[in-house]
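1. This is the structure alone, sequence omitted:
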Ligand SMILES: C[S@@+](CC[C@H](N)C(=O)[O-])C[C@H]1O[C@@H](n2cnc3c(N)ncnc32)[C@H](O)[C@@H]1O
(Lines give C-alpha, C1' and ligand atoms only; values in the text may rest on other atoms or scores of the structure.)
Protein backbone atom coordinates (compact mmCIF):
# COMPACT_ATOMS: atom_id res chain seq x y z
CA UNK A 1 0.00 0.00 0.00
CA UNK A 2 1.52 3.32 -1.04
CA UNK A 3 1.37 6.41 1.09
CA UNK A 4 2.81 9.81 1.93
CA UNK A 5 4.74 11.05 4.97
CA UNK A 6 2.34 12.33 7.61
CA UNK A 7 4.43 15.44 8.38
CA UNK A 8 4.53 16.49 4.71
CA UNK A 9 0.78 16.05 4.25
CA UNK A 10 -0.06 17.81 7.51
CA UNK A 11 2.13 20.82 6.63
CA UNK A 12 0.57 21.08 3.16
CA UNK A 13 -3.00 20.88 4.51
CA UNK A 14 -2.24 23.49 7.20
CA UNK A 15 -0.77 25.82 4.55
CA UNK A 16 -3.88 25.43 2.38
CA UNK A 17 -6.15 26.19 5.35
CA UNK A 18 -4.00 29.19 6.29
CA UNK A 19 -4.20 30.50 2.73
CA UNK A 20 -8.01 30.44 3.07
CA UNK A 21 -7.70 32.79 6.05
CA UNK A 22 -8.63 30.29 8.77
CA UNK A 23 -7.52 31.18 12.30
CA UNK A 24 -6.12 27.83 13.50
CA UNK A 25 -4.93 26.00 10.39
CA UNK A 26 -2.47 23.66 12.11
CA UNK A 27 -4.96 22.57 14.76
CA UNK A 28 -7.66 22.07 12.14
CA UNK A 29 -5.32 20.00 9.97
CA UNK A 30 -4.56 17.76 12.96
CA UNK A 31 -8.25 17.34 13.73
CA UNK A 32 -9.02 16.40 10.13
CA UNK A 33 -6.18 13.84 10.00
CA UNK A 34 -7.38 12.34 13.29
CA UNK A 35 -10.92 12.19 11.92
CA UNK A 36 -9.98 10.54 8.63
CA UNK A 37 -7.64 8.06 10.34
CA UNK A 38 -10.20 7.47 13.13
CA UNK A 39 -7.53 8.08 15.77
CA UNK A 40 -7.48 10.13 18.97
CA UNK A 41 -5.36 13.28 18.68
CA UNK A 42 -2.74 11.94 21.07
CA UNK A 43 -1.98 9.05 18.67
CA UNK A 44 -1.10 11.27 15.71
CA UNK A 45 2.52 11.74 16.77
CA UNK A 46 3.15 8.05 16.17
CA UNK A 47 1.69 8.18 12.66
CA UNK A 48 4.48 8.26 10.07
CA UNK A 49 2.67 7.49 6.82
CA UNK A 50 -0.80 8.29 5.50
CA UNK A 51 -2.32 5.91 2.92
CA UNK A 52 -3.07 7.56 -0.47
CA UNK A 53 -6.77 6.97 0.08
CA UNK A 54 -6.64 8.96 3.34
CA UNK A 55 -4.75 11.78 1.65
CA UNK A 56 -7.41 11.95 -1.06
CA UNK A 57 -10.14 12.08 1.60
CA UNK A 58 -8.26 14.84 3.43
CA UNK A 59 -7.93 16.87 0.23
CA UNK A 60 -11.70 16.66 -0.27
CA UNK A 61 -12.36 17.79 3.33
CA UNK A 62 -9.91 20.68 3.10
CA UNK A 63 -11.58 21.86 -0.11
CA UNK A 64 -14.95 21.90 1.70
CA UNK A 65 -13.42 23.72 4.66
CA UNK A 66 -11.84 26.31 2.37
CA UNK A 67 -15.31 26.85 0.87
CA UNK A 68 -16.57 27.83 4.35
CA UNK A 69 -18.13 24.63 5.68
CA UNK A 70 -17.73 24.46 9.49
CA UNK A 71 -15.08 22.06 10.75
CA UNK A 72 -17.71 20.39 12.96
CA UNK A 73 -19.76 19.46 9.88
CA UNK A 74 -16.72 17.77 8.38
CA UNK A 75 -15.93 15.72 11.47
CA UNK A 76 -19.57 15.30 12.59
CA UNK A 77 -18.53 16.23 16.13
CA UNK A 78 -18.55 19.25 18.42
CA UNK A 79 -17.33 19.78 21.97
CA UNK A 80 -19.34 21.70 24.56
CA UNK A 81 -17.84 21.94 28.04
CA UNK A 82 -17.09 18.29 28.91
CA UNK A 83 -19.34 16.61 26.36
CA UNK A 84 -18.85 15.53 22.78
CA UNK A 85 -21.89 15.88 20.53
CA UNK A 86 -22.94 14.54 17.16
CA UNK A 87 -23.67 17.46 14.84
CA UNK A 88 -24.22 18.11 11.17
CA UNK A 89 -26.39 19.97 8.68
CA UNK A 90 -29.81 20.76 10.17
CA UNK A 91 -28.70 21.42 13.73
CA UNK A 92 -27.21 24.55 15.34
CA UNK A 93 -23.54 24.16 16.27
CA UNK A 94 -23.07 24.75 20.01
CA UNK A 95 -21.04 27.87 20.81
CA UNK A 96 -18.52 28.49 23.61
CA UNK A 97 -20.46 31.64 24.62
CA UNK A 98 -23.25 29.42 25.89
CA UNK A 99 -20.92 27.53 28.24
CA UNK A 100 -20.94 30.41 30.75
CA UNK A 101 -24.73 30.23 31.09
CA UNK A 102 -24.40 26.52 31.83
CA UNK A 103 -21.82 27.35 34.50
CA UNK A 104 -24.32 29.73 36.10
CA UNK A 105 -26.94 26.95 36.06
CA UNK A 106 -24.53 24.38 37.50
CA UNK A 107 -23.78 26.59 40.51
CA UNK A 108 -27.49 26.67 41.37
CA UNK A 109 -28.19 23.02 40.63
CA UNK A 110 -25.23 21.74 42.66
CA UNK A 111 -26.42 23.75 45.66
CA UNK A 112 -29.89 22.20 45.36
CA UNK A 113 -28.46 18.70 44.88
CA UNK A 114 -26.26 19.18 47.96
CA UNK A 115 -29.44 19.96 49.92
CA UNK A 116 -30.85 16.58 48.89
CA UNK A 117 -33.22 17.91 46.21
CA UNK A 118 -33.63 16.44 42.72
CA UNK A 119 -34.22 19.68 40.76
CA UNK A 120 -36.55 19.69 37.76
CA UNK A 121 -34.78 21.30 34.79
CA UNK A 122 -36.32 22.12 31.42
CA UNK A 123 -34.27 23.23 28.43
CA UNK A 124 -36.24 25.06 25.74
CA UNK A 125 -34.87 25.29 22.16
CA UNK A 126 -32.54 22.36 22.81
CA UNK A 127 -31.01 21.91 19.32
CA UNK A 128 -28.18 19.36 19.57
CA UNK A 129 -28.81 19.00 23.31
CA UNK A 130 -25.47 20.57 24.26
CA UNK A 131 -26.85 22.34 27.33
CA UNK A 132 -28.85 19.37 28.60
CA UNK A 133 -26.02 16.90 27.95
CA UNK A 134 -23.54 19.11 29.83
CA UNK A 135 -25.90 19.43 32.80
CA UNK A 136 -26.55 15.68 32.87
CA UNK A 137 -22.80 15.04 32.85
CA UNK A 138 -21.81 17.71 35.36
CA UNK A 139 -24.79 17.71 37.72
CA UNK A 140 -26.14 14.16 37.75
CA UNK A 141 -29.28 13.68 39.82
CA UNK A 142 -31.48 16.36 38.22
CA UNK A 143 -34.76 15.45 36.51
CA UNK A 144 -34.38 16.88 33.00
CA UNK A 145 -36.50 17.59 29.93
CA UNK A 146 -35.29 19.01 26.58
CA UNK A 147 -37.77 20.63 24.15
CA UNK A 148 -37.08 21.11 20.44
CA UNK A 149 -39.38 21.81 17.48
CA UNK A 150 -37.28 21.19 14.34
CA UNK A 151 -37.31 17.63 12.99
CA UNK A 152 -33.75 17.99 11.66
CA UNK A 153 -32.43 18.99 15.10
CA UNK A 154 -34.42 16.29 16.90
CA UNK A 155 -32.40 13.60 15.11
CA UNK A 156 -29.21 14.89 16.79
CA UNK A 157 -30.94 15.71 20.08
CA UNK A 158 -32.20 12.14 20.50
CA UNK A 159 -28.83 10.73 19.58
CA UNK A 160 -26.86 13.00 21.93
CA UNK A 161 -29.15 12.37 24.88
CA UNK A 162 -29.71 8.65 24.29
CA UNK A 163 -27.26 7.60 26.98
CA UNK A 164 -28.71 10.03 29.52
CA UNK A 165 -32.02 10.10 31.35
CA UNK A 166 -33.04 13.43 29.83
CA UNK A 167 -36.56 13.23 28.36
CA UNK A 168 -36.72 14.61 24.80
CA UNK A 169 -39.91 16.47 23.91
CA UNK A 170 -40.72 17.16 20.25
CA UNK A 171 -42.80 20.29 19.75
CA UNK A 172 -43.20 24.02 20.18
CA UNK A 173 -41.94 25.36 23.48
CA UNK A 174 -45.01 27.62 23.74
CA UNK A 175 -47.25 24.76 24.84
CA UNK A 176 -44.71 22.11 25.83
CA UNK A 177 -44.91 20.11 29.05
CA UNK A 178 -48.19 21.40 30.55
CA UNK A 179 -47.90 18.56 33.08
CA UNK A 180 -44.93 20.41 34.63
CA UNK A 181 -46.69 23.78 35.00
CA UNK A 182 -45.59 25.60 38.20
CA UNK A 183 -43.24 22.75 39.21
CA UNK A 184 -39.96 23.45 37.43
CA UNK A 185 -36.89 24.63 39.36
CA UNK A 186 -34.83 25.87 36.42
CA UNK A 187 -35.60 26.76 32.80
CA UNK A 188 -32.71 27.27 30.38
CA UNK A 189 -32.83 28.44 26.78
CA UNK A 190 -30.62 29.53 23.95
CA UNK A 191 -33.37 30.66 21.58
CA UNK A 192 -32.97 32.11 18.08
CA UNK A 193 -32.29 35.83 18.44
CA UNK A 194 -31.06 37.32 15.16
CA UNK A 195 -33.33 39.99 13.61
CA UNK A 196 -34.49 38.69 10.24
CA UNK A 197 -33.12 41.74 8.41
CA UNK A 198 -29.61 41.12 9.73
CA UNK A 199 -29.14 38.00 7.62
CA UNK A 200 -26.75 39.68 5.14
CA UNK A 201 -24.47 40.80 8.02
CA UNK A 202 -23.88 37.29 9.37
CA UNK A 203 -20.61 35.46 8.63
CA UNK A 204 -21.11 33.07 5.71
CA UNK A 205 -20.36 29.99 7.86
CA UNK A 206 -23.27 30.94 10.12
CA UNK A 207 -25.68 32.18 7.44
CA UNK A 208 -25.11 29.27 5.08
CA UNK A 209 -24.69 26.37 7.51
CA UNK A 210 -26.66 26.95 10.73
CA UNK A 211 -30.38 26.21 10.19
CA UNK A 212 -32.53 29.36 9.74
CA UNK A 213 -35.01 28.27 12.43
CA UNK A 214 -32.10 28.31 14.93
CA UNK A 215 -31.02 31.84 14.00
CA UNK A 216 -33.86 34.20 13.13
CA UNK A 217 -36.51 35.53 15.49
CA UNK A 218 -38.61 38.13 13.69
CA UNK A 219 -37.92 41.76 12.79
CA UNK A 220 -36.51 42.71 16.23
CA UNK A 221 -34.90 39.33 16.99
CA UNK A 222 -37.03 39.01 20.12
CA UNK A 223 -39.91 36.77 18.98
CA UNK A 224 -38.48 33.57 20.49
CA UNK A 225 -37.22 35.32 23.66
CA UNK A 226 -40.79 36.55 24.26
CA UNK A 227 -42.03 32.96 24.09
CA UNK A 228 -39.23 31.81 26.42
CA UNK A 229 -40.31 34.41 29.00
CA UNK A 230 -43.96 33.38 28.76
CA UNK A 231 -43.21 29.65 28.85
CA UNK A 232 -40.77 29.95 31.75
CA UNK A 233 -43.41 31.91 33.68
CA UNK A 234 -45.85 29.06 33.10
CA UNK A 235 -43.45 26.25 33.98
CA UNK A 236 -41.55 27.63 36.97
CA UNK A 237 -42.51 27.14 40.60
CA UNK A 238 -42.45 30.16 42.88
CA UNK A 239 -38.76 30.90 43.43
CA UNK A 240 -37.73 28.95 40.30
CA UNK A 241 -35.18 30.54 38.00
CA UNK A 242 -34.65 31.04 34.28
CA UNK A 243 -31.57 31.81 32.21
CA UNK A 244 -31.90 32.70 28.55
CA UNK A 245 -29.16 33.64 26.09
CA UNK A 246 -29.37 36.71 23.86
CA UNK A 247 -27.25 38.73 21.46
CA UNK A 248 -24.74 41.16 22.92
CA UNK A 249 -26.84 44.15 21.85
CA UNK A 250 -29.98 42.78 23.56
CA UNK A 251 -28.75 43.34 27.12
CA UNK A 252 -31.58 45.77 27.81
CA UNK A 253 -34.36 44.58 25.50
CA UNK A 254 -34.36 40.93 26.63
CA UNK A 255 -34.28 41.63 30.40
CA UNK A 256 -37.19 44.06 29.79
CA UNK A 257 -39.21 41.16 28.36
CA UNK A 258 -38.73 39.18 31.57
CA UNK A 259 -39.68 42.16 33.73
CA UNK A 260 -42.83 42.60 31.61
CA UNK A 261 -43.61 38.88 31.98
CA UNK A 262 -43.72 39.21 35.77
CA UNK A 263 -40.24 38.03 36.79
CA UNK A 264 -38.25 39.42 39.68
CA UNK A 265 -34.48 39.68 40.27
CA UNK A 266 -33.97 40.21 36.54
CA UNK A 267 -30.26 40.56 35.83
CA UNK A 268 -28.15 40.66 32.72
CA UNK A 269 -25.02 38.49 32.70
CA UNK A 270 -21.83 38.64 30.65
CA UNK A 271 -19.85 35.93 28.88
CA UNK A 272 -16.10 35.22 29.12
CA UNK A 273 -15.31 38.15 26.83
CA UNK A 274 -17.29 40.53 29.06
CA UNK A 275 -20.11 40.89 26.53
CA UNK A 276 -23.74 41.01 27.62
CA UNK A 277 -24.88 37.43 26.90
CA UNK A 278 -27.78 36.06 28.96
CA UNK A 279 -30.56 37.14 31.26
CA UNK A 280 -31.36 35.49 34.57
CA UNK A 281 -34.57 35.98 36.52
CA UNK A 282 -36.66 34.48 39.31
CA UNK A 283 -40.34 33.65 39.06
CA UNK A 284 -42.11 35.25 42.00
CA UNK A 285 -45.14 32.98 41.67
CA UNK A 286 -47.61 35.80 42.03
CA UNK A 287 -50.97 34.13 42.68
CA UNK A 288 -52.80 36.65 40.48
CA UNK A 289 -50.89 35.52 37.40
CA UNK A 290 -50.22 31.83 38.06
CA UNK A 291 -52.23 29.36 36.05
CA UNK A 292 -54.35 31.80 34.04
CA UNK A 293 -51.50 33.12 31.92
CA UNK A 294 -52.75 36.65 32.58
CA UNK A 295 -50.12 39.34 32.23
CA UNK A 296 -47.62 36.94 30.69
C1 LIG B 1 -29.82 28.83 18.73
S2 LIG B 1 -30.37 27.18 18.63
C3 LIG B 1 -29.81 26.58 20.21
C4 LIG B 1 -29.52 25.11 20.25
C5 LIG B 1 -28.82 24.63 21.56
N6 LIG B 1 -29.61 24.91 22.72
C7 LIG B 1 -27.45 25.25 21.70
O8 LIG B 1 -27.27 26.13 22.54
O9 LIG B 1 -26.54 24.87 20.96
C10 LIG B 1 -32.13 27.39 18.85
C11 LIG B 1 -32.97 26.12 18.69
O12 LIG B 1 -34.34 26.46 19.02
C13 LIG B 1 -35.21 25.73 18.20
N14 LIG B 1 -36.51 26.44 18.23
C15 LIG B 1 -36.82 27.64 17.68
N16 LIG B 1 -38.09 27.98 17.98
C17 LIG B 1 -38.59 26.98 18.76
C18 LIG B 1 -39.85 26.77 19.39
N19 LIG B 1 -40.85 27.67 19.27
N20 LIG B 1 -40.01 25.66 20.12
C21 LIG B 1 -39.00 24.75 20.25
N22 LIG B 1 -37.78 24.90 19.66
C23 LIG B 1 -37.58 26.00 18.92
C24 LIG B 1 -34.50 25.73 16.85
O25 LIG B 1 -34.97 24.70 16.03
C26 LIG B 1 -33.04 25.54 17.30
O27 LIG B 1 -32.71 24.18 17.34
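-> Arrived safely. Just so it is clear, the model here is predicted, and its values are computed rather than measured.

2. residues in contact with the residue lying closest to residue 206 once chain neighbours are set aside?
-> Leaving aside its sequence neighbours, residue 206 sits nearest to residue 215 (CB to CB, 6 or more residues apart in numbering; 7.1 Å). Backbone N, C-alpha and C define where each C-beta goes, glycine included. Residue 215 makes contacts with 92, 192, 194, 202, 206-207, as judged by CB atoms under 8 Å, 6 or more residues apart in numbering.

3. and the gap between residue 215 and residue 247?
-> 11 Å (CB to CB, to the nearest Å).

4. hey, what's in contact with both of the two?
-> Common neighbours of residue 215 and residue 247, counting by CB under 8 Å, 6+ apart, are residue 194.

5. Do a quick rundown of the strands in the stretch 151-296 of the chain.
-> For the stretch 151-296 of the chain, applying DSSP state E, counting those that start in this stretch gives strands covering 167-170, 184-189, 236-245, 263-270, 276-283.

6. Tell me which of those strands sits most buried.
-> For those, the largest average neighbour count (mean count of other CB atoms under 10 Å) is found in strand 184-189, namely a mean of 26.

7. That one packs against which elements?
-> helix 97-114, strand 120-124, helix 223-235, strand 236-245 (3 or more CB pairs under 8 Å, 6 or more residues apart in numbering; DSSP states H and E).

8. Stretch 119-132 and the ligand, are they touching?
-> Yes. Under the criterion of CB under 6 Å from any ligand atom, the ligand is reached by stretch 119-132 at 125-128, 130-131.

9. which of the residues you listed lies closest to residue 45?
-> For the residues of stretch 119-132 next to the ligand, the residue nearest residue 45 by CB to CB is residue 130; the value is 29.9 Å.

10. Now for the closest one: which residues touch it?
-> 78, 80-81, 83, 85, 94, 98, 160.

11. picking that back up, any idea which of the contacts of residue 215 is the one closest to the ligand?
-> For the contacts of residue 215, the residue nearest the ligand by CB to the nearest ligand atom is residue 92; the value is 3.7 Å.

12. Count the residues that sit near the closest one.
-> 24 (other CB atoms under 10 Å).

13. Good, we can wrap up now.
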